[in-house]
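[1] fold the following for me, if possible:
(one chain, ligands or ions: 1)
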Amino acid sequence: MIFNNQPIGIFDSGIGGLTVASAVMRLLPEENIVYFGDTGHMPYGDKSIELIRKYAVRIARFLIEDQHCKAIVIACNTASAAAYEYLRDELRGQIPVINVIDPMIERVVDDSSIHNVGIIATKTTVASGVYQEKFTRRKPELKYAAVATPLLAPMIEEGFYDNSISHAVLENYLLLPQLREIDALILACTHYPLIKHQIASFYSDDVQILDSAEVVALKLKRILQKEKIMALEKPEKNDKFFVSDYTTSFEKTATIFFPDEIKLIKSDIWESQV
Ligand code: DGL
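    Numbers count the residues shown, from 1 in each chain. Next comes the predicted model:
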């Protein structure tokens, strides 16, 4: 039995999912969220599908069983590629699971101004072929190039954005020949919106830069409405932020998105397993 005032569970390997959490809070201010940043296992992007799936399943269990979440948002492309279908099937009939990939596929497929799209993502997301397979199936005439940009997420997680280091790393990737002719670029990693304006200025605003935060928040809203599990009245605000390892950079970035002081809670979900 799901109650309307239960929180929404959102997780990522680290700070990236905060970009999604903040869009969710803007669109659905009456909802409480429980965020889980798996900082102890960050980056996910160079790990195997099997390992990431194991992490995702454990985190989802924590969000549902311990935190009583009414919906789960996998706010990570890598974990969406590795574990979405598995979690959706496991939790069918219990609670809805939302991933960050499908709302972006819809967004691009429906946009007739996009003919050639670049996808930048972690190694595991690119290797999974999930964007490539969905675009080929949904819109065969669309040209795409998926490029792994493995330095970006750890760089951002360490707090390197908006500076000369992030500029140099980014330029190295964006100058790759595969991305030369694109008219839109998908930020297929939830960490990348933190360097979105650096990316936009690289392209002098000639290329649409697409991040999944807003489309995912919208998708979540529609599902909560359809399932009739939107928060009924404004419950007492009680957002919670868990991390599996405490890092100062997580705290610093979290305060960019959530200026009201947030208290990080160190989770011990992995401790019983080591
Ligand atoms: N934020 C995650 C994503 O969207 C990945 C970052 C990582 O490699 O852990 O793919």
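[2] quick one, phi psi at Asp162?
    According to degrees, to the nearest 10, the main-chain angles of Asp162 amount to phi 60, psi 30.
[3] tell me the contacts of Thr149?
    Contact partners of Thr149, counting by Cβ atoms under 8 Å, 6 or more residues apart in numbering, are Ile120, Ala121, Thr122, Tyr173, Cys189. C-betas here are computed from N, CA, C, even on glycine.
[4] my guess is the last one contacts Thr124, does it?
    No: the criterion here is Cβ atoms under 8 Å, and Cys189 misses it with Thr124 at 10.2 Å.
[5] the two - which one has more neighbours?
    Shown here are Cys189 and Thr124; by other Cβ atoms under 10 Å, Cys189 has more neighbours (30 against 23).
[6] helices along the stretch 51-200 of the chain, start to end?
    Taking DSSP state H, counting those that start in this stretch as the criterion, the stretch 51-200 of the chain contains helices spanning 77-90, 102-109, 123-128, 130-138, 152-157, 164-174, 196-202.
[7] next, the angle from the longest one to helix 102-109.
    Here helix 77-90 runs at 110 degrees with respect to helix 102-109, directions being taken by axes from the mean of the first three to the mean of the last three Cα atoms, to 10 degrees.
[8] state the distance from the residue lying closest to Ile265 once chain neighbours are set aside to the ligand.
    Spatial nearest neighbour of Ile265, chain neighbours left out: Phe242 (4.9 Å); criterion: Cβ to Cβ, 6 or more residues apart in numbering. According to Cβ to the nearest ligand atom, to the nearest Å, Phe242 stands 16 Å off from the ligand.
[9] the ligand contacts on the stretch 151-274 of the chain?
    By Cβ under 6 Å from any ligand atom, the part of the stretch 151-274 of the chain that sits against the ligand consists of Ala153, Cys189, Thr190, His191.
[10] adding mean pLDDT, write the helices of the stretch 51-200 of the chain out as JSON lines.
    Putting the helices of the stretch 51-200 of the chain into JSON lines (pLDDT from 0 to 100) gives the following:
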{"stretch": "helix 77-90", "mean pLDDT": "98"}
{"stretch": "helix 102-109", "mean pLDDT": "98"}
{"stretch": "helix 123-128", "mean pLDDT": "98"}
{"stretch": "helix 130-138", "mean pLDDT": "98"}
{"stretch": "helix 152-157", "mean pLDDT": "94"}
{"stretch": "helix 164-174", "mean pLDDT": "96"}
{"stretch": "helix 196-202", "mean pLDDT": "94"}
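[11] tell me what the helix or strand of the chain with the lowest mean pLDDT is packed against?
    For the chain, counting by mean pLDDT, DSSP states H and E, helix 248-257 ranks last in confidence among helices and strands (a mean of 87). Helix 248-257 makes packing contacts with helix 17-27, strand 264-266 when contacts are defined by 3 or more Cβ pairs under 8 Å, 6 or more residues apart in numbering; DSSP states H and E.
[12] ok, which of those comes nearest Ala79?
    Nearest of these to Ala79, taken as Cβ to Cβ: helix 17-27 at 9.1 Å.
[13] give me the common contacts of Cys189 and Thr124.
    Gly45, Thr78.
[14] give me the below-cutoff pLDDT ranges for the protein.
    For the chain, applying pLDDT under 70 flags the ranges 234-235, 272-274.
[15] one more time with 50, if that's ok
    Scanning the chain for pLDDT under 50 picks out 274.
[16] thinking again about what came up before, now, the most widely separated pair of the residues of the stretch 151-274 of the chain next to the ligand?
    Using Cβ to Cβ, these span at most 8.8 Å, a distance reached by Ala153 and Thr190.
[17] give the residues shared as contacts by those two.
    Joint contacts of Ala153 and Thr190 (Cβ under 8 Å, 6+ apart) are Gly16.
[18] wait, is the residue nearest to Ile265 part of a strand?
    Yes: counting by DSSP: H, G, I helix; E, B strand; the rest coil, Phe242 is found in a strand.
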